[in-house]
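Novice: here is the input, now give the coordinates:
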Amino acid sequence: MDIQENTAKEYESLVQQEDEHIERLKTCTKLIWDALAIISQKASVLHMETVKEAADHLHIMELDLRRELFKVRLKKSILANKMKQTKA
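Specialist: Numbering: from 1, shown residues only. Below you'll find the model as predicted:
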């Protein structure tokens, strides 16, 4: 297997990772919106410290997913540039 094949396979792997991170991020964002809707409807009967802690954990997870997505996209961009250089 030559360098171009390896690079193409690595790029395809990054595309798949990006898709996975996007799906995970969409799910996390939906969970956050759903949690906020529940809080707005039932805040008076919920334990506020627990609600805040759970919401913070969801937000931290969202930030972690965004960071991972950024890392994958950065690697993908660098690899795309490398692929252009090897074709030239």
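Novice: so where is this protein shaky, pLDDT-wise?
Specialist: Applying pLDDT under 70 to the chain flags residues 1, 88.
Novice: residue boundaries of the helices in it?
Specialist: Applying DSSP state H to the chain gives helices spanning 3-42, 48-87.
Novice: just send those back as TSV, with mean neighbour count too.
Specialist: C-beta: built from backbone N, CA, C; applies to glycine. Listed next are those as TSV, based on neighbours: other CB atoms under 10 Å:
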stretch	mean neighbour count
helix 3-42	13
helix 48-87	13
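Novice: how far does stretch 21-34 sit from its chain's centre?
Specialist: 9 Å (CA atoms, centre = their mean, to the nearest Å).
Novice: ugh, typo on my part, it should be stretch 68-86
Specialist: With CA atoms, centre = their mean, you get 16 Å for stretch 68-86.
Novice: same deal with stretch 25-42?
Specialist: 17 Å.
Novice: CA atoms of it as CSV?
Specialist: Extracted in CSV, the C-alpha atoms of stretch 25-42 (Å, rounded to 0.1, in the frame of the first residue of the first chain):
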residue,chain,number,x,y,z
LEU,A,25,-23.3,16.5,19.1
LYS,A,26,-26.9,16.7,17.6
THR,A,27,-28.1,14.2,20.2
CYS,A,28,-26.4,16.0,23.0
THR,A,29,-27.9,19.4,21.8
LYS,A,30,-31.3,17.8,21.6
LEU,A,31,-31.0,16.4,25.2
ILE,A,32,-30.0,19.9,26.4
TRP,A,33,-33.1,21.5,24.7
ASP,A,34,-35.3,18.8,26.1
ALA,A,35,-33.9,19.2,29.6
LEU,A,36,-34.4,23.0,29.4
ALA,A,37,-38.0,22.4,28.3
ILE,A,38,-38.6,20.1,31.3
ILE,A,39,-37.0,22.5,33.7
SER,A,40,-39.2,25.4,32.4
GLN,A,41,-42.3,23.2,32.9
LYS,A,42,-41.4,21.6,36.2
